[in-house]
Structures are given as structure tokens and as C-alpha cells.
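Participant: Give me a model of this one.
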Amino acid sequence: MSAYYIPLEDISQEDGLGVTSYHPGMTYSEAHQSSTPRNAGWTTYAALAILVLCTIVNTVQPSSQHRALTAFAGQKLGDMREPSKYIGLNKFSPTSESEDSFKTFPIFLSQIDSTRKSLIFDGDNQEAVTDLGTIWPDARRLWVEGSVSSVAQFRLVDFGYENCSFALFLRSNSGDVAEAILPHSPTPVNIWLHDDAPQIPSGSLSYSTLYGGSRTTRRLHETVELQSTRNTEGRTFPCPSGTLLTVEVSCHVFNVGDGQHQCHVEFWNDPLNSKFGMMVTQSKGFVSTT
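Facilitator: Numbers count the residues shown, from 1 in each chain. Just a heads-up that it's a prediction; the model follows:
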């Protein structure tokens, strides 16, 4: 005896999703097969087509996040601005035991010649041969004469000491072996600041490399008079923490009588001697960000 599928109600639908008719004698498998949607195959193909289309679009046209990551990866590390390590510290008052000011020596010091623009000066040092080997002290020569000027770089990293001034201490103290060559006293010199100059690798500085970069702009900071009988301190200027300060010292030429004033300044800048040479004085204070 065969089994018959007897529905409780008519499941015929006008949209074609169910069976179109029912008649006695239809088995369960026949009824189930005929109730399968007629357009199920088209729905599957449409879903696959949409999936393929989305894959093609994502491959051909990168997302905005992908483009941002690509632009980030293409930047040079030195061109990226670093966040401040001292955010919020300006809300704290410095302790009374902290110094009011201190001296910072240059991390780089060499010369350039405006008449020989491709000339790279040899690394001046006071090397000495000892029983233990050759010693190269950190002292470097500052030399200003005619077309020759000296270029120095200072790394100002101390937080809360953001008021700076240039100090040129050329007066020899009692018992001090340091001495400046200064035939004409006073001798006026110009102090120039090179804004946005990159850090200068040792043995690479020339007039062309300093002035050839499109990023570097030079501006006159001040003119000071150097004397062998007294120390010279320049005017104060803001120096935010983390600044790489690039300075050029050149002759300030002006007429004296019928001829030109002779300019010649030469001495050894020794970081171990904080009472002689060219340095930057950093004093307490903050640069306003408003």
C-alpha cells in the first residue's frame, strides 16, 4: 500500500515559489520537489556575480585606508614630526635646586668658503699620539676670515630651558691655556640662523651642500663684537625643546677709513672648557604655544 501526501491546506501560490497545483495521488517526494523555488539557480548566480564584482573593485581601486598606509610608508623617517615627550610637564613648577641656566656646546663645527663652493674642509682636530694609541679630542676649530665662515649645529633637548642666547667667551682666564687669535679688537661678526636645515654628517659640509638644499633659508640673527678682553653674550631668542639649531658665523665687513676692516677670528672650541669658546646659553622658560 503506497503512502499519499495529503496537505492540510492548499499551498498553491501565485508567485511561483510553491507548487502550482495539487492532485490526489501525489507522493511526498513529488510534492517536496515541486515546492522548490523555480528561481533558486538565478539567485545563486547573482550572488556569485556580486561577490566577483566586489573582489575586482577592491583589487583595482585600493581603499582610502590602503592609500593612507601607502603614503605613510613612503615618507622618510627624518621628515616625520615626532610627538613631544614632555606633554604636560609645563604644568609642574621647577624645583628650586635646578639651575637657572647652563651651556650647550655644538655637536658639529666646521667651515665653508663662499669662493670655493665645493670645498670640504678636513676635520680639524688636535689628535695626539700616545703610548695607548692615537687620541682625537672633541675640540674643534672655529675659524672666520674673509670668505671663510664657520657652521655649527646645536641639539637643544632640555625641557623647560627654552630661552637661548649665543655666548662667545674669548677672554683667557688665569692659567687657562685656551687662546683666541683676534688681531683686531673689537671684531664684528654676523650670526646667521639656517632654518629647517637637516643634520650635517661629518665630512660632508661645503658651501654648495649648505646652500643647495631647497629647504634651507638663512636669516641674520644678530651682529656681535668680539673682544679678547671680555666675553660676549647675544640677545635672547626662543628655542623649543628638541630643536636642531644650525648657525653660521661670518665676517661683518664694513669700511674703516679708506680700506676694509680686517676680520680674523680663530680658536679651538673645547666642550671640556665651559669658560671659553662658542656655546649656547639655555635659561629657564617655556616657548608659548598659543
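Participant: only C-alpha atoms for contact and neighbour calcs from this point on.
Facilitator: Fine.
Participant: Could I get the contacting residues of the residue nearest to Ser114 when sequence neighbours are not counted?
Facilitator: Sequence neighbours aside, Ser147 is the residue nearest to Ser114 in space, at 5.5 Å (criterion: Cα to Cα, 6 or more residues apart in numbering). The contact partners of Ser147, by Cα atoms under 8 Å, 6 or more residues apart in numbering, come to 113-115, 250-251.
Participant: Leu193 too?
Facilitator: Residues in contact with Leu193, defined by Cα under 8 Å, 6+ apart, are 218-221, 245-248.
Participant: and Val224, what helix or strand is that in?
Facilitator: Following DSSP states H and E, one finds Val224 within strand 217-226.
Participant: buried residues in that strand?
Facilitator: Buried residues in strand 217-226, counted by 16 or more other Cα atoms under 10 Å: 221, 223-226.
Participant: and if you look at stretch 222-238?
Facilitator: Of the residues in stretch 222-238, those with enough neighbours to count as buried (16+ other Cα under 10 Å) are 223-228, 231-234, 238.
Participant: need these in CSV with distance to Val265 and pLDDT, can you?
Facilitator: CSV is the format used below for the buried residues of stretch 222-238 (distance: Cα to Cα, whole Å; pLDDT from 0 to 100):
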residue, distance to Val265, pLDDT
Thr223, 14, 94
Val224, 13, 93
Glu225, 11, 91
Leu226, 9, 90
Gln227, 10, 87
Ser228, 10, 82
Asn231, 14, 87
Thr232, 14, 90
Glu233, 16, 91
Gly234, 17, 92
Pro238, 27, 92
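Participant: Against Ser274, how distant is the residue nearest to Val144 when sequence neighbours are not counted?
Facilitator: Leaving aside its chain neighbours, Val144 sits nearest to Val265 (5.1 Å; criterion: Cα to Cα, 6+ apart). Computed with Cα to Cα, to the nearest Å, the distance linking Val265 and Ser274 is 19 Å.
Participant: Neighbour count: the two, which is higher?
Facilitator: Set Val265 next to Ser274 and count neighbours by other Cα atoms under 10 Å: Val265 wins out with 23 against 15.
Participant: For that one, list the residues it contacts.
Facilitator: The neighbours of Val265, taking Cα under 8 Å, 6+ apart as the test, are 142-145, 180-183, 187.
Participant: how about 10 Å then?
Facilitator: By Cα atoms under 10 Å, 6 or more residues apart in numbering, the residues touching Val265 are 142-146, 149, 180-185, 187-189, 226-227, 250-251.
Participant: from the buried residues of stretch 222-238, which is closest to Asp122?
Facilitator: Proximity to Asp122 was ranked across the buried residues of stretch 222-238 by Cα to Cα; first place goes to Leu226, at 25.7 Å.
Participant: pretty sure the closest one contacts His184?
Facilitator: Yes. If you go by Cα atoms under 10 Å, Leu226 and His184 touch, sitting 9.2 Å apart.
Participant: Mind jotting down where the helices sit in this structure?
Facilitator: 28-34, 40-60, 64-73, 207-212 (DSSP state H).
Participant: From Val249, how far off is the closest residue to Pro106 other than its chain neighbours?
Facilitator: The shortest distance from Pro106 to any residue that is not its chain neighbour, by Cα to Cα, 6+ apart, is 4.6 Å, and that residue is Phe154. If you measure Phe154 against Val249 using Cα to Cα, the figure is 14 Å.
Participant: before we move on, back to that, and the residue nearest to Pro106, how close does it get to Glu233?
Facilitator: 17 Å.
Participant: what's the answer for Asp196, then?
Facilitator: Taking Cα to Cα as the measure, Asp196 falls 24 Å from Glu233.
Participant: again, but for Pro188
Facilitator: For Pro188, the distance to Glu233 equals 13 Å [Cα to Cα].
Participant: what's the overlap in contacts for the two?
Facilitator: Common contacts of Pro188 and Glu233 (Cα under 10 Å, 6+ apart): 224-226.
Participant: What remains of the contacts of Val265 if I keep only buried residues?
Facilitator: Listed as buried from the contacts of Val265 are 142-146, 149, 180, 182, 187-189, 226-227, 250-251; burial here means 16+ other Cα under 10 Å.
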